[in-house]
Structures are given as C-alpha cells and as structure tokens.
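K.L.:
pasting the sequence and the predicted coordinates here, then a few questions.
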Amino acid sequence: MRRLGDAVLEEKIETLPLVDHHCHGVVRGDLGRAAFESLLTEAGEAGELGGSLFHSRIGFAVRRWCAPVLDLPVHADPEDYLARRAELGAAEVNRRFLRAAGLEALCVDTGYIPDSLLEPAELGGLADAPAHEILRLETLAEEVVADGVGASAFAGEVRTRLEARAPRVAGFKSIAAYRAGLELSGKRPSGEEVTKAAGRLLRDTERGLAGCDAPPRIQDEVLHRFLVWCACDIGLPIQFHVGYGDAEADLRRGDPLLLTGLLQELSRKNVPVMLLHNYPFHRNAGYLAQVFPNVFVDVSLGTHNLGDRAPVILAELMELAPFGKVLFASDAYGLPELFHLGALQFRRGLGRVLAEGVAEGSWTERDAARVAEMIASGNARRAYRLDERF
Amino acid sequence: MRRLGDAVLEEKIETLPLVDHHCHGVVRGDLGRAAFESLLTEAGEAGELGGSLFHSRIGFAVRRWCAPVLDLPVHADPEDYLARRAELGAAEVNRRFLRAAGLEALCVDTGYIPDSLLEPAELGGLADAPAHEILRLETLAEEVVADGVGASAFAGEVRTRLEARAPRVAGFKSIAAYRAGLELSGKRPSGEEVTKAAGRLLRDTERGLAGCDAPPRIQDEVLHRFLVWCACDIGLPIQFHVGYGDAEADLRRGDPLLLTGLLQELSRKNVPVMLLHNYPFHRNAGYLAQVFPNVFVDVSLGTHNLGDRAPVILAELMELAPFGKVLFASDAYGLPELFHLGALQFRRGLGRVLAEGVAEGSWTERDAARVAEMIASGNARRAYRLDERF
Amino acid sequence: MRRLGDAVLEEKIETLPLVDHHCHGVVRGDLGRAAFESLLTEAGEAGELGGSLFHSRIGFAVRRWCAPVLDLPVHADPEDYLARRAELGAAEVNRRFLRAAGLEALCVDTGYIPDSLLEPAELGGLADAPAHEILRLETLAEEVVADGVGASAFAGEVRTRLEARAPRVAGFKSIAAYRAGLELSGKRPSGEEVTKAAGRLLRDTERGLAGCDAPPRIQDEVLHRFLVWCACDIGLPIQFHVGYGDAEADLRRGDPLLLTGLLQELSRKNVPVMLLHNYPFHRNAGYLAQVFPNVFVDVSLGTHNLGDRAPVILAELMELAPFGKVLFASDAYGLPELFHLGALQFRRGLGRVLAEGVAEGSWTERDAARVAEMIASGNARRAYRLDERF
C-alpha cells in the first residue's frame, strides 16, 4: 500500500528533533540485572512465577534498538547486553542514549530526584538540549508542611513559593492520580477548606512522625485541587499523571474522564492542561482533547513500554484528538534506554500513522510533514511558550 | 491479501443505498470559517491554543472527500474550500451533499430544530428519500411542563401526546446521557414517583423563570426512566444517545453498560433499543447487542469524526455484535458534509471489513454481500418496520 | 511484509500442543438448531428481531473451520452443517472436535455440570490428554449450606472440604463477577464477619426454601472474599471470571481493575491468580499482569467468540502483559466445536502476532518460537505445577 514517497516522509520523521515534554532523571551509577529489569517496566521486579521481563515487548525492544547503540548486534542476548552495559559504564551509556534520542528540549519532572538520579542540567548536557524543570505540586506542598508551616499559613506559603519558582519552570505537575485519584471536583476550594485540610495533614504527619517517622503526604482531594488552582492562577501548563503507572497508581482512579468536572472549569481559564500517558484510556483522552480547547495529550509511558505497538496506540489517540493537541513525551525514568526507545518508537509510530494516511489518500505528503513537525515539537513549543520564555 | 473479487464487493458496497436511522437538520444559511469549524466536531470552537480543526481526521476528510463534490480538486485548501462553499450558496451545497449520500430513508431527530435548521421534509426532499421523524422524549415532556400542566396531570398528558404523535413517528429518542446519565434503574417508576418528580421540576422551573428565565429541563432519573417506559408501552424503537458527544455530555455517564439494568427489563418487552454512537465504548455496546435480543448498535458519530479510522471502529463493534443488530447512521448535524462523509466512510469501512473477511477466507463473497445489505438497510427496515408502517 | 521464514513459524505454531487451562463440559446428546444457536454465543437465544446467530463472527467461523472436521466443504450452509452433525451423532462429533483441538492437558471447571454434560474424565478421554479439575469455590460453599451446616460451623466446614479436595484439583475458581461483582476488598474477613454473612445466607435460603424452593446462592462480598482467602491459604492457582459473560454477568462489575485492592494483598502471597476472558477489559488485564508478579491472563472466551478477530485482541493483551504471564484457554462450554475453534483461532492469532514481530524485526524467529511454547503450554505448566503435581 505504500508509495515511494512515503518512505521519504518516514525518513524525514526519523530525524525530526523532538521536544520531550515529560521525563525524569536517569540512574547515575551501574546497574545489575535485577535492578535493570525492575526499572524496565512498571512492575516492582521480575518474579520467578512470571519469568524474565526481557520476555515482553519492551524487553525485546531493548535488545533490538538499544543493543546497536552499545555496538552490539541487534537482538543481542540479555546477558551480553548487560555485560556490555557494565563494560562501558553508566556515564558513557547515559551519554550515548540521551544523545541518540535527538531531542531539541526536555521538560524534566523534578518531583522525586534521589541522589542516584541525574539532575535536569546534567540530562540537558548529555542530550545537548535545554532542560526545563516541571515542578511537582505535591512535592512543593509537602516541603511546606515539612518546614513546620502551620495550617493557617499553609495556603499563603504554598502560593508564595510557587510564584517564586514559576519564572524558572516550564510548568507544573499533579500526581493526584497516585493519591486521591482523578475525580477532583471542579470547584476552587475555599480558604477555610484548605486550612482545615492542611490541619488534618499536619495532625496525620505529627502522628506519623511520632510513630513510624513518615514524611508528610498530600492525599486529600481538597489539597490536590487547591494546588491545581494555584497553578492555574500562575498560568503555566499543568500536567496530570493519567492512566498507566506502577502498582500503586490504582488505575481505577486514573481514567481521564474523572477529570471532566475540573476540566470544564479550567477550560474557561485558557491554561494548557497536559494529560500524560493515558493508556489504556487514551481514546477517552483524545475525546477530551477535542472538546476542551486547552487540553493536550500524549501516550508517553505507553510509547516505550508497548514496543512495536506504539503506532497502534498513537493511531487510537489521534482518532478524535486534533493534531494540534498531540505531544511527544518519553516519560523516561531511571534507564537512559527509555529516552532513546521513547523517541525512536514515537517517531516510527508517527511516521507509520502519517505515511498510511498518505498511502490511503487521506492527506497529502506536504500536510503530513506539517503535522509531523507540529506533533514532534511545534505544539509543545506553542503550549509551553518555550521560545518566548526561555 | 486482497483477491480480485474483493474489489467487486467493495464497489458494490460503495453504491448500496443506506437507511440513515439517526440524523439531524442542517444549517439553512451560509457559514463563515469560525461557524464551519465549530460545527465540524464536538468542540465548541477552535481555540488559538490548539490550532485549526482542519488539522484533525475529520478536517482532512472534508478536504479529501467533500472538495470534489463542490468541483474542487481533492485536498483543496480550507480557504479555497470555504470560498467555493460560499460561492455556491448553502442551498446548492446542501442539495449536493444530501444527494451524494445515497440514502434510501432518513430518520430525523427533531428534538432541537431552531429556525436555522432544515426540517425533516426539506432534508428528505434534498436527499430524494422519505424522511421519518424521531421524537425526542425529553423535548415532548418539557413542552408539557412549559404548557402549564400540573404535576398530577403530567404523566397522563405525556402519555396522551406520545400516543397522539406515535402513528407518524419512526421511533423515540432519550437524551438521558446528556442529563442524569445512563445509569437508569430497570424499574418502571410508580405514578406517585412521577408526580413527585414532576412537582420538583415545576418548582425548579418556576424558580428559574422568576430568576434567569430558564425553560423547563428534564434531568431527573425518574423522569427519563418514566419516558422510556412510556415509549416502551407504545412499542416503537427507542434510541439512546450513548458515549461520544459534546463537552456537556460527561462521557463518564455515557457508557452503555450503565444501561444494563434497564436493558434487562426492556429485553422482556421485545421493543427495539438502539444504542447510538457508543464510541469509545463501542465494544461494550457490541457485547450488549449480543446478549440482549432487542439491542441494536451503530458507531454513527464516530464514523464521520474519525475520518479514515472508520473501518477500525466498525471492525471493533462487529467483534461481538451479531451482524443482524448493526445499523448505519450519519448523526449529521448542521453541516450537510456530514451526511456525505458519514455515508461514504461507513460504506468504505463496511467494505473493508467484509472484503478482509473474504480475503481471509472467513466468509464467502456471497455471504459478505448479504451481510452488507442487512447492515446498510435491511436491519433498520426490519427493526423500524419501515415497509409496514410508512 | 512477511518473510519466507514466518510461514515456517506459523506452521509450527499451528501444531503446538496446548494446555487448555479453563474449559467446561460439552453436551452429551444431539442438538437442534435453536439449542445449537443458544450455545454458540453468550446470548440466551437468537430472537426474530436480530436474526440468526450464524450471522456473526463465531457463526461464520463454525461454517469455515468446523465444517471440514465433519467432512463438509468450508462455508457449508447452517442447515447442511446441522444435518451432518445430527447424522454423525453427538458422540462422534464430540470425539472429532476434542481430538482436533490438539490439547496436551485440560483444566475443567466442574462448578456446574448437569447430567447432560460430559465429565472431565470423559473429556480427557476424547481429547487423549489428562483432564484436571478446577473447583468452583462458590459451589463448594453452597453445598456446605445445602447440607445443613450452621453459620458458626460454616467457615470450618468450608476449609475442611477444600483441604480434602485440594490434592486432586489443579486450582480454584471464583465467580464473584457473576454475583457480588469484582470489587472485593483486599482485607481477609474476620471469623465473626464470615459467621454473620453465613447466617444471613442461611436465613435467606430458609425463606427461599419455604417459598419458592431456591437453592443457597453465595452472593455476598464477604463470602466471595472469604473463599478466595481460603483458596489462597491452600496455595493453588485461583481463577477469576472477568469481563465478558452472559447477560447475567453485569459487565459493569466485571472490570479486572475492580480487583486491584485484593490483588495488592494476594501479590504478597505468591499464589498465582488467573484472570479469565477479560474482554473488553483485556488491556486493563495486561496492565495487571505487568505490575503484579502473580497475575496471569488470557482472552479465552473472546478467542472463540471473536472469530477471525482473535489476533487483534491477543495483540492488545500482549501490549503490557509479559509473555511469561499469558495463557491459553478455550472456555469451551456445551459445544465441542468451541474446543476446536478456541484452539485453532488462538494458534492462528498467536502465530500472526509473533510472525508480524519477526517480519517487523521486533524479535528473532528463535525468540518467537520460544515465546510460542511458553504461551501455548509452558506458562500454564509452570503456574499450575502440572509436571510436579500430576
């Protein structure tokens, strides 16, 4: 079904620079097999019952696409792959994969960066591209509590710190999906509601500190919602973790449709809202991107974990989602391979979707090239105002 | 994978007359670009953040498939397309697209027809096919309230008016999905329950009239359910809006599985129930069509909005749905292009699905031709008893 | 896109012996058309409104794939097919289809075996393969109640009987999805909670016996959960009906994500949990198989009912599910054709998915052959410890 011209289009897309609008740090040091497998998917670790995680789409994708970056033949055995990885050392491995990703900018979620992970500036250096920060709202609020701020001063202090950091960050991120779930009311909470919720958190934290020394943990619907509205007032894009994540995420509460009430309110504010990952609810996300003028979508985490199925979910996302609302993100975390795999599989998926459209006669090659550029970087540059702000 | 014979099958399907069992009026007058884009999808309007809605599957489908109907080359630019549209004038544009759709009958939802939209008879005239009315249940009930009927007379007056109009309508439609949501109980409400619910509506309406002059609005689960049972007693097919719709629809409450309890009761009555649109819950709808003897399904709104992805969702619908339960509908509203696109993409999708089955050896070409005829018009004629009743 | 080598792979997979880890008995006697159609899908029976169930994917699959087993040409007419079936007689028909399935072992759910169905040993004899029993938890508990055991002795008696039967069964099955639904709490119920719930069941049963002579029916969330924990203590695999089933199943309560809380607890016990069927929630099930080390998945009922769409849903399941967690099951019930169709369509689907990966370069042919063997039988043998236990 492909015409000669499509190969040209797909080749062009294979070298398009990408804005990776959502990613994390990678591990600074060397990794053994167990640690490598535990970072490969959202599973805690590979168990004996289920066998190796190399026997999964992403495991096969590593052997196919990452092996050559380490000078191995395609489909190298896992043992050979891990041996070569150790031989080169983490610094060289990180450098090779970050560079191979072909990024023109990165937006790095700094919500959880233990010392073992590279900082945004280090990532940017390896990728040879500017690395912007995405500030995790719950982390900032938990710092406020940990610093001993009382309930009545909580809201003000959160606002002050957000405003202070806003000029240097590209956007904010909410992890409500991992805590209270995405069913957030559309209403801006009152000052009194926030103070009461902060008070409950403070009491729980004190009990925790007295008992098992737990750090403060935002998991109250009122506080998640309060943080989203603070971010909205500042006017920078707000990312939401949606759908697919690890076993703690409780996927039942991660359907983007649960955000409908809040999105209705936020749509009046013209603040970009970014729905991340979305799998297996990506068609629901595509619908939201169509009906709300400020909603953007990606299939980030799915892109690297689904291996050669990436074109399928991208095609499903792009059923209803206007092409001006679709973004790229690797959601890489821990393993530098995920930057490379995310970028490579996204480019292949996008190339496939757009070339099939050309072959079908759905759009011209010129239109396809224009759409590819929008999705690869143009939409993200526009939504995050990257050219203006940085 | 295609054999020569399949092209013949697909060509036959491209000219099969269709019964469009669910559609609306189109705009009588000329449209500027903003108005055109706002009617193209379920988005309120295209915003600056997200770019033009011509950059979406349906936008590209208009340029590819509708441009030639207006004597333009395929893939004409949006500006050229809109200019030519204006040049021809709405009357001619409406005529061309309605005729191009190749319909043998239309069932038109008359629940919301402002003066700016064509009436069913006008649509039928343009399409050169009989146009039957689908009566929206909530609209009739709201008229009863607006006419000043009291709570205790409400139920009787609704029944009287429904019975009076029944001989001239093809079926009824419920928009519970847009109001209380589809989680309707299976139980027929008692007279007392209906009277109480009508009383609440009357009080709300009076308050509304005193305040902001709101017309009566059915949005009480009891009243939606009461209307469905009234329709069931009359015995004509009942359509339900399901799934995909505009931002007001709250897709969370639009999953057809929410109707399970009610469908269990209605299945004992042998009254056809039509689940409209269904995307992205169309596999759930296919399941319901298999297990309930009276449930019929389509992917109408999805067919035109998904552009060249129409074959994909039709194939998914037809996984479990018996082929005797699948219907065609354009769900065209506002733009006459949507009649043409819905019909064309449906025929292409059905042709693709059936021809692939022939190529796979799943069924014979003769069987495929028989199934095509059933789905194009036979199932609708049988379920609506069109040959008997009109 | 296929290379020559892929045909070899697909041919190999077409003859791979399968472990059918979930199936039922088939009808002992001859069947008329109405009885045959009523057993073909999850519909109660074909109605006049919807037409023959031969006009559905599974109906066409019977004509294509089952007709030759009865010495008829492919695509034989339904009438000819049923006539030939009657001519051969049920015993011969059962023998042919069970043998054609190419099974190396069967795990038979014995929860509901009226006299009209073959026993596991009879099935095994026809299939020429060992047939193991899967014990339905609710059935055993209902027998305890029917035997007049009081509320306070209920829990102990259930445990005693389960332990007595455990050495001879391959695993257990919960049908919570058909009764209270899958939203089971993760907490092990206390002895007092179980006694109370058993007391409620006894009172309801007595009322039932006095009135309409209803047998005891487990449908209390506490009791379903209690049974799962009893099974967990024994340590054998636990199967859950998930998703697609007949009209009684209420698919709303059959999403495997509803099990998340319970799976989190069970994942600490290292007891295999088998999510059966899963359609249309199979992507959700694949996610659970990735993040929980003890969760296994299949698309059994979907495989035979979806006909030639089986490769599509298998590919969707295998997006996130590690290949070491994917199983085969026919979920055959009533018709011996379903053993043959389930096995054949599963092999074709698996062959298609793996061969496309080879053609894409996603994995080598050697890797594909290894994965095929795991999914066909190796994963089930490991999870059920078939080689050790039987």
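P.N.:
Great, that's in hand. Numbers count the residues shown, from 1 in each chain, chains lettered A, B, ... in the order given.
K.L.:
and the strands in the stretch 1-150 of chain A, which stretches?
P.N.:
Using DSSP state E, counting those that start in this stretch, the strands assigned to the stretch 1-150 of chain A run over residues A:18-23, A:103-109, A:131-136.
K.L.:
tell me which of those strands is the most buried.
P.N.:
Each of the strands of the stretch 1-150 of chain A was scored by mean neighbour count; the highest is strand A:18-23, a mean of 28, by mean count of other C-beta atoms under 10 Å in any protein chain shown. Where C-beta positions appear, they are placed from N, C-alpha and C, glycine not excepted.
K.L.:
returning to what we had before: can you put the strands of the stretch 1-150 of chain A in TSV and add distance to chain C and mean pLDDT?
P.N.:
Shown next, in TSV, are the strands of the stretch 1-150 of chain A (distance: least, C-beta to the nearest C-beta, whole Å; pLDDT from 0 to 100):
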stretch	distance to chain C	mean pLDDT
strand A:18-23	19	98
strand A:103-109	20	97
strand A:131-136	22	98
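K.L.:
so for chain B, which of the ones you listed sits nearest?
P.N.:
Chain B sits nearest to strand A:18-23 of all those, at 14.5 Å, using C-beta to the nearest C-beta.
K.L.:
let me see the contact set for the residue nearest to A:Pro130 when sequence neighbours are not counted.
P.N.:
In space, and not counting its chain neighbours, A:Pro130 is closest to A:Ala105: 5.2 Å by C-beta to C-beta, 6 or more residues apart in numbering or on different chains. Residues near A:Ala105 by C-beta atoms under 8 Å, 6 or more residues apart in numbering or on different chains: A:Val19, A:Asp20, A:Ala129, A:Pro130, A:Ala131, A:His132, A:Ser377, A:Ala380, A:Arg381, A:Leu386.
K.L.:
please redo it, this time with the cut-off set to 10 Å
P.N.:
A:Ala105 makes contact with A:17-21, A:124, A:127, A:129-132, A:170, A:377, A:380-381, A:384, A:386, A:390, according to C-beta atoms under 10 Å, 6 or more residues apart in numbering or on different chains.
K.L.:
show the average pLDDT along the helix or strand encompassing A:Asp387.
P.N.:
Element membership of A:Asp387, judged by DSSP states H and E, is helix A:386-389. Helix A:386-389 shows a mean pLDDT of 96.
K.L.:
same thing with stretch A:281-294?
P.N.:
Averaged across stretch A:281-294, pLDDT comes to 96.
K.L.:
what do you get for stretch A:165-173?
P.N.:
Mean predicted confidence for stretch A:165-173 is 98.
K.L.:
in that stretch, which residues are buried?
P.N.:
Taking 16 or more other C-beta atoms under 10 Å in any protein chain shown as the neighbour-count basis, stretch A:165-173 is seen to contain the buried residues A:Val169, A:Ala170, A:Gly171, A:Phe172, A:Lys173.
K.L.:
can you check stretch A:112-128 too?
P.N.:
Buried residues in stretch A:112-128, counting neighbours by 16+ other C-beta under 10 Å, are found at A:Leu117, A:Leu118, A:Glu119, A:Pro120, A:Glu122, A:Leu123, A:Gly124, A:Leu126, A:Ala127.
K.L.:
residues in contact with the residue in the stretch 101-250 of chain A that chain C sits nearest to?
P.N.:
Closest residue of the stretch 101-250 of chain A to chain C, C-beta to the nearest C-beta: A:Ala247 (4.0 Å). Contacts for A:Ala247 (C-beta under 10 Å, 6+ apart) come out as A:42-44, C:260, C:263-264, C:267, C:287-288, C:290-293.
K.L.:
report the angle between the helix or strand harbouring A:Gln290 and helix B:282-291.
P.N.:
Assigned by DSSP H and E, A:Gln290 belongs to helix A:282-291. Between helix A:282-291 and helix B:282-291, the angle comes out at 120 degrees (axes from the mean of the first three to the mean of the last three C-alpha atoms, to 10 degrees).
K.L.:
to the chain's geometric centre, what's the distance from the very next helix or strand once past helix A:282-291?
P.N.:
Per DSSP H and E, the first helix or strand lying C-terminal to helix A:282-291 is strand A:295-297. How far strand A:295-297 lies from its chain's middle: 12 Å, per C-alpha atoms, centre = their mean, to the nearest Å.
K.L.:
can you check stretch A:268-279 too?
P.N.:
The answer for stretch A:268-279 is 12 Å, by C-alpha atoms, centre = their mean.
K.L.:
for chain B, give me its nearest residue in the stretch 51-200 of chain A.
P.N.:
Nearest to chain B, among the residues of the stretch 51-200 of chain A, is A:Glu183, at 9.0 Å (C-beta to the nearest C-beta).
K.L.:
report how many residues lie close to that residue.
P.N.:
Neighbourhood size, A:Glu183 [other C-beta atoms under 10 Å in any protein chain shown]: 16.
K.L.:
and for A:Arg203?
P.N.:
Neighbours of A:Arg203 (other C-beta under 10 Å): 11.
K.L.:
which strands or helices does the helix or strand it falls within pack on?
P.N.:
Element membership of A:Arg203 [criterion: DSSP H and E] is helix A:191-210. Where contact means 3 or more C-beta pairs under 10 Å, 6 or more residues apart in numbering or on different chains; DSSP states H and E, helix A:191-210 is packed against helix A:137-146, helix A:151-165, helix A:221-234.
K.L.:
run the last query once more with 6 Å
P.N.:
helix A:151-165, helix A:221-234 (3 or more C-beta pairs under 6 Å, 6 or more residues apart in numbering or on different chains; DSSP states H and E).
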